[in-house]
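Q: After the sequence you'll find the predicted model.
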Amino acid sequence: MSRLGIGKVLTAQPFMLDKNFKRAVIMLTDHNSDDGSVGFILNKRFNMKIDELISDFPEIEAPVYFGGPVATDTIHYMHNVGDMLDDSRKIYDGVYWGGDYEKLKFLIDNKLIEPKNIKFFIGYSGWSPGQLVEELESGSWVLGDGHANYVFKSKTDVLWTETLTNKGSNFSVIGQMPEANNLN
């Protein structure tokens, strides 16, 4: 099994019962055995724009996603412009998390950050110390390597299948399972 850590992707098993995580693909942005884990669901899009959620935010057509059920009154962002956005945390090449909020607004206002460069999240997914390891051991998640394409280029409606297919072997068969159980 891959080693759990920052930049890994969690893909929900097909029979996950928790509606928050049904067919979810989560990018881990923080993992520490003493503090727990944080990640963001990459494939549950909201039908709102970020400037509709935050009144003083510059207009940008960037997608907004449900990041997870924790702190749904917060906004987070992943982007690929870590060299321009101070205080960004590198997840891996081409993917950064957070950064200076005021500078983010300035860069968007000046068209230096475009929709293709950023993804916004409402809330996040979080696990207490040891919880995610237990969920992996019980088979709730398939652990895989992350990729910038999962964050910025993959289509939301096929990302779950894509991450499983990229794992190969039996996982690609699981990824082809229809969503509704009565279609099996």
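A: Everything's here; your move. Residues are numbered from 1 along each chain as shown.
Q: Who are the contact partners of the closest residue to A148 other than its chain neighbours?
A: Closest residue in space to A148, ignoring its immediate chain neighbours: G94 at 3.5 Å, by CB to CB, 6 or more residues apart in numbering. In short, each C-beta sits where N, CA and C put it, glycine included. G94 makes contact with 80, 148, 152, according to CB atoms under 8 Å, 6 or more residues apart in numbering.
Q: On the pLDDT front, check G94 for me.
A: Confidence at G94, expressed as pLDDT, is 95.
Q: N166 too?
A: For N166, the predicted pLDDT is 85.
Q: Tabulate the contacts of G94 in a markdown table, adding columns for secondary structure, neighbour count and pLDDT.
A: Putting those into a markdown table (DSSP: H, G, I helix; E, B strand; the rest coil; neighbours: other CB atoms under 10 Å; pLDDT from 0 to 100) gives the following:
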| residue | secondary structure | neighbour count | pLDDT |
| --- | --- | --- | --- |
| N80 | coil | 20 | 97 |
| A148 | helix | 16 | 95 |
| F152 | helix | 19 | 96 |
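Q: Tell me the one among the residues you listed nearest to G68.
A: Using CB to CB, F152 comes nearest to G68 of those, at 19.0 Å.
Q: Mind jotting down where the helices sit in the protein?
A: Secondary structure of the chain (DSSP state H): helices at 50-53, 101-109, 131-137, 148-152, 159-167, 169-174.
Q: what's the second one in contact with?
A: Among residues not part of helix 101-109, those counted as contacts by CB under 8 Å, 6+ apart are 56-58, 60, 77, 81, 84-86, 113.
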